Each structure stands twice: as C-alpha cells, then as structure tokens.
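Student: predicted model, plus sequence, below.
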Amino acid sequence: MTTSSNPLLDFADLPLFDAIRPEQVAPAIESLLAEANTALETVTAADFPAQWTAISRVLDVATERLGRAWGAVSHLNSVADTPELRTAYNAALPAVTEFWTRLGADERLYAKYKQMDPAQLTSEQRQAHKNAMRAFVLGGAELQGEAKQRFADIQERQAELGQKFSENALDATDAFAYFAEPDELDGVPEDVKAATRAAAEAEGQAGHKLTLKLPCYLPVMQFARSSALRERLYRAYVTRASDQAEGEAVKFDNTPLMQALLALRHEEAQLLGITDFATLSLVPKMADSPEQVITFLRDLARQARPFAEQDLADMRAFATSELGLSDPQAWDWPYVGEKLKEARYAFSEQEVKPYFTAPKVLAGLFKIVETLFDVAIRADRAPVWHPKVEFFRIERAGQLLGQFYLDPGARTGKRGGAWMDDVRARWLRPDTGALQTPVAHLVCNFAEGVNGQPPLLTHDDVITLFHEFGHGLHHLLTQVNERDVSGISGVEWDAVELPSQFMENFCWEWDVLRHMTAHVDAGEPLPRALYDKMLAAKNFQSGLQTLRQIEFSLFDMLLHQGQAPGGDVLALLRQVREEVAVLQPPAYSRTPHTFSHIFAGGYAAGYYSYKWAEVLSADAYAAFEEAGNPLDPAMGRRYREAILEAGGSRPAMESFKAFRGREPQLDALLRHQGMAVAA
C-alpha cells in the first residue's frame, strides 16, 4: 500500500486522524515493522559503526515512524473505540509488542552501545545513552536461551492482558444504564437533569438516563436526596468489571486478568535476578527502594490520620444531627460531605459551576501560560477524530515551539479519566537535520453543554484541565534536541507528575480565577465572596483524601512486593485499609478491578508517584509564593528553564535543585493541604 493511500504511512506533518480506517492498520503496521526490522539488521551488522548518530540515522528514524503510527492507532482506540478498530488494534498488538521487546533485548545492539565512548557524546546524548544501557538490562538483553524467550513471551502476554483489562473497564462502565423517574432526581443539579433527560430522549426512553460516567455519577452521589438511588449507582460503580457485577455484566470480570498480570510481573523480575516487581519498577525512578517508598507513605499517613479522623467525626455528627442519618453507609458519605461543606462554608460546587464556562476557563489558562512562560497560544486547524476536538499551536517570538490537541468531552467509546500523551517528540532529526517540534494530546471527560450553552466545568474539572496542561507544557516547551530525553521522555516516573500538579496551584489564586470566570447567563466574573468560601473549603476533608491516595499507593507497592496473603488481592487491600483508612467500604466493593493505573496504565508499583510529586510541586510553587506573585514572569522563566525545558536530559533531582537550590521538603505540601501542625 502506498503512502498516499494509507494515512498511517504519511509522516509529512500531523496524523491524518480523520482519514484513518481500521482496515488500514494491519498493512501500515506490517510495512513499518518490516522497515524497523531491516533497520535493526543494518545497524547490528558487524561492519556498521558503533556511533550514536549513525545508529540513530537508521534505527531511530525507522522506530520513530513505527511509534508515531502505532501511537495514532492506540490513541483512536482510547478516544473513538469501535468494534472494528478494537479488532484491528488487538490483531496488531502482539507483533508490535514482540518487536519492541526484541529490540530492547537485542544483544548485538547492546554490544554496539557498549562500544560507544560516552566522552564523545553531547550531554544530552550521554544521558540518553545511560538510560539506554539501563533499559537493555531491564529489557532482558543479558538473558540467554529459554530465559530470553520466556521474557519476550511475558511482555507480549502482559500487553494483551493490560489491553483486555482496559477494555473490560470501559465496557463495564458503558454497559450500565438506569432510567430514573424525575422524582428520584430530587436535589440533582438542573444541568445534570437536562443532560440525562436528553440522553434518555436520544434513545427513545422516558425519564433520565443515568450512567457510570463521572459527569453523571459524581453529581448524583453528591446531590441526590434519594439514598436508594445513590446506593443503586454506588453498587454498580464499585462492582464494575468484577465477580460482584449484576447480571450479564459479570462477563467483564477482571479478576483472572489481575492474577495473571501479577504473576507475570513477578516472573519478569525473577528472570532479571530481582526479588520482586516493586524493586524492578523502582530501578529507573527517583526512589531507591520499596521500603523507602513505604516509609514515606506511612509517615505521611501518620501525619494525615488525625485530620482524617476529625473529618469523619464531623461528618458523623452532622449526618446524625442535620440529616437524620444515624448510621451512614458508603453511598451516603459523598452526600453527607457535600451537605456539610454547604452548611459549613455556605458554599456548593454547583454554585460555582455556572462561572466556569469552558471557553472562558481555557482562555484564562492560556493567559497564565503566556504570562509565565513567555509564549503565545493560537487556535489552528488539523485533522481530528471528533468534531469537538480543538487544535492549538504554541509560539515564542513567532517561532513554533509545539502543537496540541484538546479533546474535552465525555462520550461513549472514550476511555474514562484524563491524560496527556505525545504524538511526536522534539527532535533534531538525524536524517534531515531539521528540528521536529513536539505535538501532544490533552484528553479529559467533561460534561457537554446543554440547551445551547457552553460546557460548564466544576472547579475539580478546572483543576483536571490545568493538571493535564502541565503535562503538556513539560512535553511541548522542552529545548532538548535528543528525542529520547526531550520533554517527558527519560523523566523518572515519580517526577513526571511535578509539572502537572504544579499547575493545579493556580486554580486557587484570586488574581487568576477572576480573569477566567464569567457567569454563563449574566457574564460577571466569580464574586470575591464566593471565592473566599471556596478557599475556606479548599482543604475540606484533605485528611480523608490524603489517606485514600496513600491507601491506593501502599496497596500498589505491597501488591507488587508479592505481599498479598495467599495471592489474595482483596485480602491485602483489607489489610492496607485496616492500617491506614478510617472509612471501610462494603465487602462487595471491588476497587482494584478498575484500578487501570496499575493494571493497564504504566503505574504498577508507581502509584505513589502522585504523592511524591505533590511534595515536589508544592515546594516548587512555594518559590512563587515567596516571590509574592504567582504570575511572576522572572520566577516563571527560572521554572521553565530548570524544569520544563530540561525535560529528561538530566536527573529530576538535579532539575529540582537547579530551580530551588536545595532538595525538596515536605512542609509546603502539609501547609497547602491544611495539615501543618503548629510548632
């Protein structure tokens, strides 16, 4: 198939998302795999020079084309899932996985890298070379015979199981629908009622279509006065993709996939001579050992627990005295918490929501980024996969730095959650000598606008948008020219959340919020009095929220240390909850079965990185607080140069110290979350 007839083989510029069809996946990937295999054979020939640029000009160019095409297919599989595309993706997945596994374990290529003299490389190339040498070892390049083949088989099987886990979670979420009578939705916000009514009408049904997608699920749990309705949705939500699911939905049970993945990960570590997968996972991260991570988490849990216990005591007292709930159940807590927040701070998320129209928030976000980082963001055109997707370019002094897609809305066939992914990296290309600029995807799952109005975001939605944009900036503002360490590439996994969580801080600054809000009907900005209530409520239940994150993180780390008693995942989770949680869910809850971060999202034995990166980001933001201006351009420039532009070209700790002049400290995080203890 020629380049002109298959959009997946067109690398002239941006991916032709609007032209890609499922039937084009197989021929394109087969062609690109053949090219990549030829390139691998070429550079590993005995007479090929063991030189960085020479190898890159042949092998990296071929593998980058494969990566970009497969990235486009994977992206569409996440945001525009169809049975045909899923079939095409799954058919190609084994061959793609096999190639990357074989490449990473090729002893001939490893030998070429060993022959290179790092002193002859640039500083960026030296860091990339160091990472590559470590990756060869972790990729099984030093294994022989049956062990090497088994390692490859494990990688392929893990890829298949992770994809199936993700599919089950998506399908189980999409499979649920409950058509509620209007009176069951007493207390639910009007925009949610309108959206659910429209969804029911679109299917020719009476009432309101309720789903487990978060723009529907969360407001029902927070605001519906009907405990029975909350229980119905809660049970469906926490049993998704498990043996506890109701009716035919039990076919999406992820239990056997989880067991198989854990066994394969443990075997992978053992093949490499490492005791467990948790230890293996940390080799390329900032943390030194699982024990160090566990100590960090338990120390943070100890400091947060008194605040969490007070949070819970306050809710219990309020539920009894004000709501007539003497024994609140798991499905009642979100409702109790929301009502307590409203009573304590005279503040409700729904009161704030009309001020956060998506276009105004986006314009405000862009203004912050332009002010801090000396860039201009412009709307542009590109082929897209859905009509609601927007496309932008980032420039400085008229020069293109990077481009990004924004896909904000929740819809059927789109994976839940929010994420940033790269389309291509900044790279001084060795084949043409031209500078390739980076491109990113920013994906969210916000509610769509109703009755002709723009989408309205909750403040949590705004924080999510800023978070993902922080990831995007890390990828797009890099000034590194070596592909493997430019942007987010090569950044330690437990530091990769620093720029994203850093951006969240701006969502709490008055000078920022007043310029990015406009009431959907009246147009006036967020009132100062309402902002003051938001700020007062900012750390509402931060103790409970901190313990919940620690619960997930500790469970993940202990799970991958092989500490589940008798291999029982749920028994381990109960143990962790008994240690750190102050709220226990019902016995039927199956949280791990949709814990895609660790079973399908690359965060295995790495979920703790969210908490560790909060330490880094809070401390980094404290520099702006110390400067007395959150939008201080001089401080923005320092941060941009030390953290964002450096990308993965040096260890994350070096970048942090280049910005702060010291190692990170826990104080700022505890202060930001209202858990600082007076001396």
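Tutor: That came in fine, so what should we check first?

Student: and the lowest-mean-pLDDT helix or strand in the chain, which residues are buried?
Tutor: Across the helices and strands of the chain, the lowest-confidence element by mean pLDDT, DSSP states H and E is helix 667-672, at a mean of 86. Residues 668-670, 672 are the ones in helix 667-672 that count as buried (16 or more other Cβ atoms under 10 Å). The way it works is simple: take the backbone N, C-alpha and C, and place the C-beta from them, glycine included.

Student: nearest to P290, of the residues you listed?
Tutor: Nearest to P290, judged by Cβ to Cβ, of these is L669 at 21.5 Å.

Student: who's in contact with that closest one?
Tutor: 614-615, 618-619 (Cβ atoms under 8 Å, 6 or more residues apart in numbering).

Student: picking up where we left off before, for the buried residues of helix 667-672, which one is nearest I154?
Tutor: Distances from I154 to the buried residues of helix 667-672, taken by Cβ to Cβ, are shortest for L669, at 37.2 Å.

Student: can you point me to the longest helix in this structure?
Tutor: helix 290-322 (DSSP state H).

Student: distance from the chain centre to that helix, please.
Tutor: Offset of helix 290-322 from its chain centre (Cα atoms, centre = their mean, to the nearest Å): 25 Å.

Student: list the buried residues in it.
Tutor: 290, 293-294, 296-297, 300-301, 303-305, 307-308, 311-312, 314-316, 318-319.

Student: circling back to that earlier point, mind checking which of the contacts of L669 are in helices?
Tutor: Using DSSP H, the contacts of L669 in helices are 614-615, 618-619.

Student: neighbour-wise, give me the winner out of these.
Tutor: A618 (25 neighbours; other Cβ atoms under 10 Å).

Student: contacting residues for that one?
Tutor: 501, 505, 668-669, 671-672.

Student: just flag the most distant two among the residues you listed.
Tutor: Within the contacts of A618, Q501 and R671 form the most distant pair, 15.0 Å apart (Cβ to Cβ).

Student: partner strands of the longest strand along the chain and their direction?
Tutor: Longest strand in the chain, counting residues (DSSP state E): strand 399-409. According to DSSP bridges, strand 399-409 forms sheet pairs with strand 390-396 (antiparallel), strand 439-446 (parallel).

Student: list of residues touching it?
Tutor: 14, 79, 358, 362, 375, 380, 382, 384-386, 388-395, 414, 423, 426, 437-448, 455, 465, 472, 475-477.

Student: by neighbour count, sort out the buried ones in those residues.
Tutor: 14, 79, 358, 362, 375, 382, 384-385, 389-394, 414, 423, 426, 437-448, 455, 465, 472, 475-477.

Student: so what's G647 up against?
Tutor: Per Cβ under 8 Å, 6+ apart, neighbours of G647: 474, 478-480, 485-491.

Student: A175: which of the residues you listed is nearest?
Tutor: Using Cβ to Cβ, those come closest to A175 at I488, 33.8 Å.

Student: you'd agree the closest one is in a helix?
Tutor: No - using DSSP: H, G, I helix; E, B strand; the rest coil, the assignment for I488 is coil, not a helix.

Student: that one: how many residues sit nearby?
Tutor: 24.

Student: can you pull out the strands in the stretch 401-550 of the chain?
Tutor: All strands of the stretch 401-550 of the chain, identified by DSSP state E, counting those that start in this stretch, fall at 419-424, 427-428, 435-436, 439-446.

Student: ok, which of the ones you listed comes nearest A177?
Tutor: Of the strands of the stretch 401-550 of the chain, nearest to A177 by Cβ to Cβ is strand 439-446, at 17.1 Å.

Student: and the closest one, how far from the chain's centre?
Tutor: Distance, centroid of strand 439-446 to centroid of chain: 10 Å (Cα atoms, centre = their mean).

Student: again, but for stretch 170-186
Tutor: Centre to centre, stretch against its chain (Cα atoms, centre = their mean), the figure for stretch 170-186 is 26 Å.

Student: how is the protein partitioned into domains?
Tutor: 3-159, 176-252, 354-536 (automatic domain parsing).

Student: adding mean pLDDT and distance to L558, write the ones you listed out as JSON lines.
Tutor: Output for the domains of the chain, formatted as JSON lines (pLDDT from 0 to 100; distance: least, Cβ to Cβ, whole Å):
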{"stretch": "domain 3-159", "mean pLDDT": "97", "distance to L558": "20"}
{"stretch": "domain 176-252", "mean pLDDT": "96", "distance to L558": "20"}
{"stretch": "domain 354-536", "mean pLDDT": "96", "distance to L558": "17"}
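
Student: from P354, how far out is the residue most central in space within the chain?
Tutor: By Cα atoms, centre = their mean, the chain has its centre lying nearest to W419, at 4.2 Å. Distance, W419 to P354, by Cβ to Cβ, to the nearest Å: 27 Å.

Student: check contacts around L616.
Tutor: Here L616 is in contact with 495, 498, 501, 656, 664 (Cβ under 8 Å, 6+ apart).

Student: which one (most neighbours) among those residues?
Tutor: Using other Cβ under 10 Å as the neighbour test, those are led by L498, with 29 neighbours.

Student: so what's that residue closest to, chain neighbours aside?
Tutor: L616 (4.4 Å; Cβ to Cβ, 6 or more residues apart in numbering).

Student: tell me how far the one you found lies from S500.
Tutor: 11 Å.

Student: hmm, back to that, could I get the strands of the stretch 401-550 of the chain as CSV with distance to F151?
Tutor: Rendered in CSV, the data for these read as follows (distance: least, Cβ to Cβ, whole Å):
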stretch, distance to F151
strand 419-424, 27
strand 427-428, 29
strand 435-436, 33
strand 439-446, 31
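
Student: figure out which of the ones you listed is closest to G140.
Tutor: It's strand 419-424; of those, that one is closest to G140 (Cβ to Cβ) at 25.2 Å.

Student: which elements pack onto the closest one?
Tutor: In terms of contacts (3 or more Cβ pairs under 8 Å, 6 or more residues apart in numbering; DSSP states H and E), strand 419-424 is packed against helix 61-79, strand 439-446, helix 459-476.
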